[in-house]
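Visitor: Need the 3D shape of this:
(one chain, ligands or ions: 2)
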Amino acid sequence: MKKILKFKVNGDEYEIGVDPWRTLNEVLRDELNLTGTKLGCGTGDCGACIVLVDGESINSCLALALEMNGKEITTIEGLSRSEDNLDPIQDSFIKHGAVQCGFCTPGMIISAKFLLSKNKQPSTEEIKKALDGNLCRCTGYYKIIDAIKNVSSNKKN
Ligand code: FES
Ligand code: FES
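Guide: Numbers count the residues shown, from 1 in each chain. Ligands and ions are numbered 1, 2, ... in the order given. Have a look, this model is predicted:
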């Protein structure tokens, strides 16, 4: 039987009926049509599904949607409302060629956002560690690391 889920996503309030077994990823993608958040492995291994919940990064494929009651979610769509007004991390990914097929990109950018919210000047090692739950099969990671380094205020490490 469906239960009521009240939460905020990208600043908008939602109140919807949700089956208890549905994941946050399913509700974001299938109910709210926020398909920027990807579903890759579905088992917590690839990071394509990462979103922020009350500012903390989580794998949305592993979280039950009903656990999100009263919480505030940020997905990739919440970082910018138009192509003319991208988040600096999004801009930097484009400028550094850090996007190829793009499947990993929303999760990578949310992970970078989380890292930079805690550490404004991450070293290369810290960036690598922050991305250890995000898999990319295209870029070889170097351009992603460059993009994150460039947007942080520390470009020396
Ligand atoms: S889809 Fe969630 S970690 Fe891969
Ligand atoms: S850009 Fe293709 S998986 Fe990362």
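Visitor: which residues are there in this structure that come within reach of ligand 1?
Guide: Contact residues (CB under 6 Å from any ligand atom) of the chain with ligand 1: L39, G40, C41, G42, G44, D45, C46, G47, A48, C49, N59, C61. Every residue, glycine included, has its C-beta placed from N, CA and C.
Visitor: at 5 Å what do you get?
Guide: G40, C41, G44, C46, A48, C49, N59, C61 (CB under 5 Å from any ligand atom).
Visitor: Return the residues in contact with the second one.
Guide: Under the criterion of CB atoms under 8 Å, 6 or more residues apart in numbering, the contact list for C41 reads A48, C61.
Visitor: let's go with 6 Å and repeat that
Guide: Not one residue lies near C41 by CB atoms under 6 Å, 6 or more residues apart in numbering.
Visitor: can you tell me which helix or strand it belongs to?
Guide: According to DSSP states H and E, C41 maps onto no helix or strand at all.
Visitor: Okay, it and C49: tell me how far apart.
Guide: 9 Å (CB to CB, to the nearest Å).
Visitor: Run through the neighbouring helices and strands of the helix or strand containing I16.
Guide: For I16, the host element (DSSP H and E) is strand 12-18. Identification of packing neighbours for strand 12-18 by 3 or more CB pairs under 6 Å, 6 or more residues apart in numbering; DSSP states H and E yields strand 3-9.
Visitor: now what about the strand it packs on, what contacts it?
Guide: Counting by CB under 6 Å, 6+ apart, Y14, E15, I16, V18, A65, L66, M68, N69, K71, E72, I73 sit against strand 3-9.
Visitor: Listing partners with orientation, what would you give for the strand holding I16?
Guide: Sheet pairing here is set by DSSP bridges, and for strand 12-18 it gives strand 3-9 (antiparallel).
Visitor: Would you tell me what the next helix or strand after the strand holding I16 is?
Guide: Next element after strand 12-18 (DSSP H and E): helix 24-26.
Visitor: If we go by neighbour counts, what in that next one is buried?
Guide: L24, N25, E26 (16 or more other CB atoms under 10 Å).
Visitor: circling back to that earlier point, just the buried residues of the contacts of strand 3-9.
Guide: Buried among the contacts of strand 3-9 (16+ other CB under 10 Å): V18, A65, L66, M68, K71, E72, I73.
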